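**Q** have a look; sequence and predicted model below, questions after that.
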There are 2 protein chains.
Amino acid sequence: MKPNRWRNFALLSLAGFASVTWAQIPGHYNSITDVPGVTVGQTTSADSGATVVLIGGPNGGAGVPTGFVARGGSPGLRETDVLNTVNRNEFVNGVVLTGGSLYGLAATAGVMLCLEGKGLGVSSGGGIVPIVPTSASFDRATCGRPPATRPDLAAGQQACMTAATGAVAQGNVGGGNGAVSGGVKGGIGTASVVLPNGVIVGALVSVNSEGAAYDENGELHAASLGLDNEFEIAAGSSYISEIANFAGSTSRVPLNAAAGPLRTGTSAVVATNVQLTKGQANKVAQMADDGMSRAIRVAHGTGDGDTVFTLATGAVPGDANIDQLGGAAADVLSRAIMRAILNAQSIHVGTCNVVSYCEQFPTHCAVKP
Amino acid sequence: MKPNRWRNFALLSLAGFASVTWAQIPGHYNSITDVPGVTVGQTTSADSGATVVLIGGPNGGAGVPTGFVARGGSPGLRETDVLNTVNRNEFVNGVVLTGGSLYGLAATAGVMLCLEGKGLGVSSGGGIVPIVPTSASFDRATCGRPPATRPDLAAGQQACMTAATGAVAQGNVGGGNGAVSGGVKGGIGTASVVLPNGVIVGALVSVNSEGAAYDENGELHAASLGLDNEFEIAAGSSYISEIANFAGSTSRVPLNAAAGPLRTGTSAVVATNVQLTKGQANKVAQMADDGMSRAIRVAHGTGDGDTVFTLATGAVPGDANIDQLGGAAADVLSRAIMRAILNAQSIHVGTCNVVSYCEQFPTHCAVKP
């Protein structure tokens, strides 16, 4: 793995725009919860689970402006049409990333009841209707059988009730518990960045992908985007021997499994403290999706449900620098994807063996973010 | 109400295309179930409910090609992104039209379990995943309070388990039980048409709309599209006195209620026995939506969740005449909307009074379809 080219003082120049230079540092928890107002809750079952990202807002509990982009060819989504800029509702109360394929969309019913109990949602006809777009992905860490449990109403309620600020568990948890990624174990990852102008961007992702986050040498595609040496390998790496070992085991960790419907789906939430319109939130989601392109190859395939949501709390008012924000969002999403892969744990149960990246390339994980 | 201009022998000329002329008659039940393979199930609670339209297919239970269009400004949908023509999955097992606003999307979880039990869905990873796009609308017949019951998993299961061929209940049932429409009671309506070439098109709609299906004289906007005199008024109509009565009671049946978020949503399913690609099914949905435009004014407003799905069983193979089919689908949807309005029943409970069209204009309903 190459040394970190960016380190603390990342110089980022956006070709075609006025050159933008800023220093990037991770937030306190290097988590989406570094964006004030954002909480995360996760329910983890035997081989599936659900993760919720909730958000307060300046709008009396009605939520915050949200955008999305779904470039995967097998999306499993609910409440996305409302995010189209021609449509009325501007605000969203949170996003659910669930396992269990389309069955897992049932978890959102529980999240809605939980939020209704807190009085969060759109006031409508004497009641409250929480708006909670959801992306479902297909649990593949079960080695060919469906998950024994599916995220349901109760799972969604529990994830919502336990949502909190602070550190977020990564790896085999929540909506990423049953995830795989390019032949190794996938999972939940999160990261954040703080810019000198006070802009904070955080990402949380469930990495469940046909494509891999690493190349034929085992190097993470987007390692160079790390901050504070977070993806550097340890001194005295036995890198070469690991590659040799990997080359001998491709049948165990196939980079490209046989095609099949509704296989996977990398779903992400990007949150920021910047004030955005709904249209801008959709634009930032589109730019943030570049972070998936950089971290996973192949991405956005016909069996992927790849989706990115953006939540904008608006704590930093005024005209947003969309290019700065979209660029930062893409980088933080790439980092969250790598942290998911680095925190995922192997599964060895009977004949079901899903090897983690770190089991395969232990030296790469000596400094584990 | 004008005499039926079309009667049994409708001459329909599509400007800009080769002139198409055909005789139109309703199917045996004048229902979406006249399309072979289509079944309908409905669960009706105190003031809400859910309606499912299910479909077998030539594809081993995997469903049939489906398209959709959502031109309302407040859509409440799930599993629509998958219908985009760039996305992988071609088939759908059914559609749910539910009340209960976004809470009602929970009903789909029950429909999925029911279909899974029947082995219907996409085979994936050792399991079956039914694909059931859903549109939710906001129950407004509760006079300002939320519905006492919301369609949930059990409601969806029940609707699916009881789905059947044959006559379909209209009016205050299923997903239309809590519906209103332009100041009168809305509800479920269905209609069908059979063309001489063997093409059958059926529509089922839950009419819940800000706009009205009738004009300032109480006349149904799309009455002229009726077949077999289905929307003719009785001989000896007291039409004039009804109009006078109506003019005096606009405060009771306001044509335009105050704006508010997530108010309404007219959701429809159009089914046909024609073979369509997914792209063609999307095109037919777009054309069918014209039937909503003709039957309801104003339609597609910012508070409406207006959505049309198309299901194509493919029993009639070969190149489809999309213009004939889209034109017929629009007409049958207009007729289903009128039949919903004509079959809806008044609600008079305490201070909650939602007058039906037929209570308001009894002569117009003397011949009730």
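**A** That came in fine, so what should we check first?

**Q** for A:Asp215, give its distance to A:His221.
**A** Note on A:Asp215: its distance to A:His221, by C-beta to C-beta, to the nearest Å, is 6 Å. To be clear about C-beta, it is placed using only N, CA and C from the backbone, and glycine gets the same treatment.

**Q** return every residue with contacts to both of those two.
**A** A:Arg297 (C-beta atoms under 8 Å, 6 or more residues apart in numbering or on different chains).

**Q** remind me, longest strand of chain A?
**A** Counting by DSSP state E, the longest strand found in chain A is strand A:307-316.

**Q** ok so A:Ile128 is a helix residue?
**A** No: per DSSP: H, G, I helix; E, B strand; the rest coil, A:Ile128 lies outside any helix segment and is strand.

**Q** tell me the contacts of it?
**A** A:Ile128 neighbours (C-beta under 8 Å, 6+ apart): A:61, A:115-116, A:119-122.

**Q** beta-bridge partners for it, please?
**A** A:Ser123 (DSSP bridges).

**Q** and it, what pLDDT?
**A** pLDDT for A:Ile128: 89.

**Q** and A:Ala212, backbone torsions?
**A** Main-chain dihedrals, A:Ala212, degrees, to the nearest 10: phi -110, psi 150.

**Q** bridging residues for it?
**A** With DSSP bridges as the rule, A:Ala212 is bridged to A:Arg297.

**Q** you'd agree it is up against A:Val184?
**A** Yes: judged on C-beta atoms under 8 Å, A:Ala212 makes contact with A:Val184 at a distance of 7.4 Å.

**Q** tell me the buried residues in stretch A:23-31?
**A** Across stretch A:23-31, burial judged by 16 or more other C-beta atoms under 10 Å in any protein chain shown covers A:24-27, A:29-31.

**Q** and if you look at stretch A:158-168?
**A** So, applying 16+ other C-beta under 10 Å, buried residues of stretch A:158-168: A:158-161, A:163, A:168.

**Q** return only those of these found close to chain B.
**A** Among these, no residue sits close to chain B (C-beta under 8 Å from any C-beta of the partner chain).

**Q** quick check, nearest of the residues you listed to chain B?
**A** Of all these, A:Cys160 has the smallest distance to chain B: 14.3 Å, by C-beta to the nearest C-beta.

**Q** could you say which helix or strand contains that closest one?
**A** helix A:153-161 (DSSP states H and E).

**Q** contact partners of that helix?
**A** A:41-43, A:45, A:49-52, A:54, A:94, A:96, A:98, A:106-115, A:174, B:106, B:109, B:153.

**Q** circling back: let's have the contacts of A:Ile128 in a markdown table, adding pLDDT, distance to B:Val129 and secondary structure.
**A** Output for the contacts of A:Ile128, formatted as a markdown table (pLDDT from 0 to 100; distance: C-beta to C-beta, whole Å; DSSP: H, G, I helix; E, B strand; the rest coil):
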| residue | pLDDT | distance to B:Val129 | secondary structure |
| --- | --- | --- | --- |
| A:Gly61 | 77 | 34 | coil |
| A:Leu115 | 95 | 27 | helix |
| A:Glu116 | 94 | 28 | helix |
| A:Gly119 | 91 | 35 | coil |
| A:Leu120 | 93 | 31 | coil |
| A:Gly121 | 92 | 29 | coil |
| A:Val122 | 89 | 30 | strand |
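
**Q** ok, of these, which come out buried?
**A** Buried among those by 16+ other C-beta under 10 Å: A:61, A:115-116, A:120-122.

**Q** quick one: which of those is nearest B:Ala148?
**A** A:Glu116 (14.7 Å; C-beta to C-beta).

**Q** how far away is the closest one from chain B?
**A** 8 Å (C-beta to the nearest C-beta, to the nearest Å).

**Q** got it, and A:Gly119?
**A** From A:Gly119 over to chain B (counting by C-beta to the nearest C-beta), the distance is 14 Å.

**Q** who touches that residue in this structure?
**A** By C-beta under 8 Å, 6+ apart, the neighbours of A:Gly119 are A:61, A:128.
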